[in-house]
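Visitor: Give me the fold of what follows.
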Amino acid sequence: MLVTSVEALPFTYQDGDLCLGFRKTGTYVGNYEIVVDLGPVLNYINLSAGTSSNLSQFAASQVDPDSYPNLTNLQWSVTAEVPSATTFSGYPAHTIWVTVPRVGGASDQPYRASKSQQQNPVTEIQSILGGAATISSLLASNKDNTATCIQEPYSIANGQNYGAWIEDPTYPSVADLGGYGPVDGGGNVVNLENDTVAPFTTPLISDLYELRPSGSTDPHTGLTSGAGYNVGYFQFNVNGTMSFTRAAAVSVPSAGAITSNVTNGFSPLTVVFTNSATGNITNWVWNFGNGTVITNTTGGIVTNTYATSGSYSVSLTVYGPGGTNSVTASHYIVASPTPTFAGLTVANGKLVFSGTNLPAGIQYRILNATNISTPLANWKPVLTNFFLSNGSFSYTNSFTNTTGFFRLVSP
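Guide: Predicted coordinates:
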């Protein structure tokens with residue numbers, strides 16, 4: 001079980017604690033709202049994949065019938081925040097966690113925003129917990145006012161209650177942290193609250209997302225932007241109990257093998273790379289060994305040009321919800337210096353073809369065709385040899401008919 005010890009009153013909290021809030025709005029509004037400190041979010045993140053646990057910090061009796069006559073039309077959400085980089089080791093400032101209702105088997109994924117944009121929702125979430133502590137200090141100690149749970153009476157809330165910070169300023173029944181909450185991939189505001197619409201006969205699920213500010217790398221996915229990481233989900237049952245389940249384990253993707261259309265040639269050498277990576281992959285990061293690193297979020301074909309001669313190692317790292325994997329092809333690409341042709345002459349009906357500044361010991365071929373537009377595959381090889389140790393070559397053709405075209409290729 002996820003356990004947080006009950007300490008002396010009033011209601012207490014720390015940054016990074018998950019906050020569970022309940023309210024009713026509109027025609028269903030009651031006299032109370034409820035805030036529960038579910039303990040450090042790291043307790044939930046560090047659970048083994050697929051593990052489920054009941055929430056011992058919260059009791060169904062705190063909601064029904066103590067605060068509300070029934071559990072229908074009850075809105076609830078879970079949030080947490082990191083105000084500074086020193087709060088949690090490894091977490092950037094203005095990281096937030098929010099729940100999003102799962103509807104029709106899926107939830108509306110919230111997207112990461114810049115550090116400055118996520119500062120406002122951090123403040124709103126802090127205010128939910130801070131307001132709960134303020135209200136708690138004004139009430140007597142009893143079963144509705146403990147170190148981990150506070151029943152907030154509207155009569156003394158004075159704008160410090162849960163609803164004042166979670167609701168939309170224009171549409172109070174919508175929960176978007178005062179209008180500062182996250183948006184989805186289309187830029188639309190994401191509603192963070194689930195609602196037990198009558199009749200409440202089926203458990204409700206809300207997915208918990210971790211939103212690190214864009215620009216910081218999410219170690220779960222390897223991405224610096226995009227949708228948040230799904231930590232797991234909360235389930236509110238029809239008897240008023242609640243549980244949390246860590247997201248199921250996802251296998252580590254395989255980086256496969258690196259392949260390319262060519263592995264050597266003269267610089268500038270343009271190479272088209274492909275890979276055989278498999279699994280649940282969200283990000284492909286290529287390092288071509290010449291100072292160029294690219295990120296590809298859809299896989300497929302990537303191209304790199306080697307402007308300078310040399311031997312280059314190429315690596316690929318793939319990221320997914322299950323982890324990362326890498327593969328390296330050492331000294332995979334060899335870009336040779338651009339050749340210098342010493343001369344091209346015709347003597348006694350024969351073609352003399354020579355050059356320097358070539359890679360010593362590398363194979364080359366001289367091809368011939370009668371039409372320059374002939375496809376390369378149809379050019380006829382007339383010589384296969386290796387460049388000399390001094391990087392030069394010389395070829396005299398044995399054809400008496402010099403009509404046609406010649407080309408040098410390597411290999």
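Visitor: contacts, neighbours, all on C-alpha from now
Guide: Noted.
Visitor: okay, now L269: neighbour count?
Guide: 21 (other Cα atoms under 10 Å).
Visitor: got a pLDDT number for the closest residue to it other than its chain neighbours?
Guide: Nearest non-adjacent residue to L269, counting by Cα to Cα, 6 or more residues apart in numbering: Y306, 5.0 Å away. On pLDDT, Y306 comes in at 96.
Visitor: a strand runs through T245, doesn't it?
Guide: Yes. According to DSSP: H, G, I helix; E, B strand; the rest coil, T245 belongs to a strand.
Visitor: Hmm, H220 is touching T282, no?
Guide: No. With contacts counted by Cα atoms under 8 Å, H220 stays clear of T282, the gap being 10.0 Å.
Visitor: Could you tell me which helix of the protein is the longest one?
Guide: Secondary structure assigned by DSSP state H gives helix 115-137 as the longest helix of the chain.
Visitor: Could you chop the chain up by domain?
Guide: Annotated domains of the chain cover 17-246, 258-336, 340-409 [automatic domain parsing].
Visitor: Please work out which of the ones you listed is packed deepest.
Guide: Most buried of these, by mean neighbour count (mean count of other Cα atoms under 10 Å): domain 17-246, with a mean of 19.
Visitor: and that domain, what's its mean pLDDT?
Guide: 92.
Visitor: Pull the contacting residues for the residue nearest to V409 when sequence neighbours are not counted.
Guide: Spatial nearest neighbour of V409, chain neighbours left out: R365 (5.4 Å); criterion: Cα to Cα, 6+ apart. Neighbour list for R365: P381, V382, L383, T384, N385, L408, V409, S410, P411 [criterion: Cα atoms under 8 Å, 6 or more residues apart in numbering].
Visitor: the helices in this protein, which residues?
Guide: Using DSSP H, helices in the chain cover 41-45, 115-137, 154-157, 162-166.
Visitor: so how far is the last one from its chain's centroid?
Guide: Distance of helix 162-166 from the chain centroid (Cα atoms, centre = their mean, to the nearest Å) equals 29 Å.
Visitor: Output the contacting helices and strands for it.
Guide: strand 17-23, strand 32-40, helix 115-137 (3 or more Cα pairs under 8 Å, 6 or more residues apart in numbering; DSSP states H and E).
Visitor: And the ones you listed: which comes nearest G105?
Guide: Nearest to G105, of all the helices and strands packed on helix 162-166, is strand 17-23, at 22.3 Å by Cα to Cα.
Visitor: Output the contacting helices and strands for that closest one.
Guide: strand 32-40, strand 75-82, helix 162-166.
Visitor: Kindly reformat those as CSV and extend each row with distance to T292.
Guide: Converted to CSV, the helices and strands packed on strand 17-23 look like this (distance: least, Cα to Cα, whole Å):
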stretch, distance to T292
strand 32-40, 40
strand 75-82, 34
helix 162-166, 45
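Visitor: rewinding a little: pick out whichever of the contacts of R365 sits closest to F58.
Guide: Using Cα to Cα, these come closest to F58 at P411, 71.6 Å.
Visitor: now the residue lying farthest from the centre of the chain: how far from N397?
Guide: Within the chain, N348 marks the point farthest from the mean C-alpha position, 68.5 Å out by Cα atoms, centre = their mean. Distance of N348 to N397, given as Cα to Cα, to the nearest Å: 11 Å.
Visitor: cool, and V314?
Guide: 39 Å.
Visitor: where are the low-confidence patches of the stretch 251-400 of the chain?
Guide: Along the stretch 251-400 of the chain, segments meeting pLDDT under 70 span 321-322, 341-347, 349, 398-400.
Visitor: any chance you could map the strands in the stretch 201-350 of the chain?
Guide: Counting by DSSP state E, counting those that start in this stretch, the stretch 201-350 of the chain has strands at residues 204-211, 229-236, 242-246, 258-260, 264-266, 269-275, 283-287, 293-296, 302-306, 310-320, 323-336, 340-347, 350-356.
Visitor: got the domains of the chain as JSON lines, with distance to F11 columns?
Guide: Shown next, in JSON lines, are those (distance: least, Cα to Cα, whole Å):
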{"stretch": "domain 17-246", "distance to F11": "4"}
{"stretch": "domain 258-336", "distance to F11": "36"}
{"stretch": "domain 340-409", "distance to F11": "76"}
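Visitor: which of the contacts of R365 lies closest to Y44?
Guide: For the contacts of R365, the nearest to Y44 is P411 (57.3 Å; Cα to Cα).
Visitor: Test my guess that G30 contacts V63.
Guide: No. Counting by Cα under 8 Å, G30 sits too far from V63 to count as a contact (11.3 Å).
Visitor: show me the contacts for the residue nearest to F273 when sequence neighbours are not counted.
Guide: In this structure, F273 finds its nearest non-sequential neighbour in S260, 4.4 Å apart by Cα to Cα, 6+ apart. Applying Cα under 8 Å, 6+ apart, we find S260 in contact with V271, V272, F273, T274.
Visitor: cool, D195 as well?
Guide: With Cα under 8 Å, 6+ apart, D195 has these contacts: N73, L74, Q75, W76.
Visitor: and what of S84?
Guide: Counted by Cα under 8 Å, 6+ apart, S84 has contacts P92, A93, H94.
Visitor: Give me the phi and psi for it.
Guide: Dihedral pair for S84: phi -140, psi 160, per degrees, to the nearest 10.
Visitor: distance of S373 from D207?
Guide: Distance from S373 to D207, by Cα to Cα: 61 Å.
Visitor: Reformat the contacts of S84 as TSV; add distance to N46.
Guide: Output for the contacts of S84, formatted as TSV (distance: Cα to Cα, whole Å):
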residue	distance to N46
P92	18
A93	20
H94	20
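Visitor: quick one: which of those is nearest to C19?
Guide: Once Cα to Cα is applied, the member of the contacts of S84 that ends up nearest C19 is H94, at 16.1 Å.
Visitor: rewinding a little: which stretch among the strands of the stretch 201-350 of the chain comes nearest Q57?
Guide: strand 242-246 (9.9 Å).
Visitor: Against which helices or strands is that closest one packed?
Guide: Counting by 3+ Cα pairs under 8 Å, 6+ apart, strand 242-246 packs on strand 52-54, strand 229-236.
Visitor: rerun that using 10 Å as the cut-off
Guide: helix 41-45, strand 52-54, strand 204-211, strand 229-236 (3 or more Cα pairs under 10 Å, 6 or more residues apart in numbering; DSSP states H and E).
Visitor: ok so, going back, my guess is the residue nearest to L269 contacts F288. True?
Guide: Yes. Assessed by Cα atoms under 10 Å, Y306 is found in contact with F288 at 8.9 Å.
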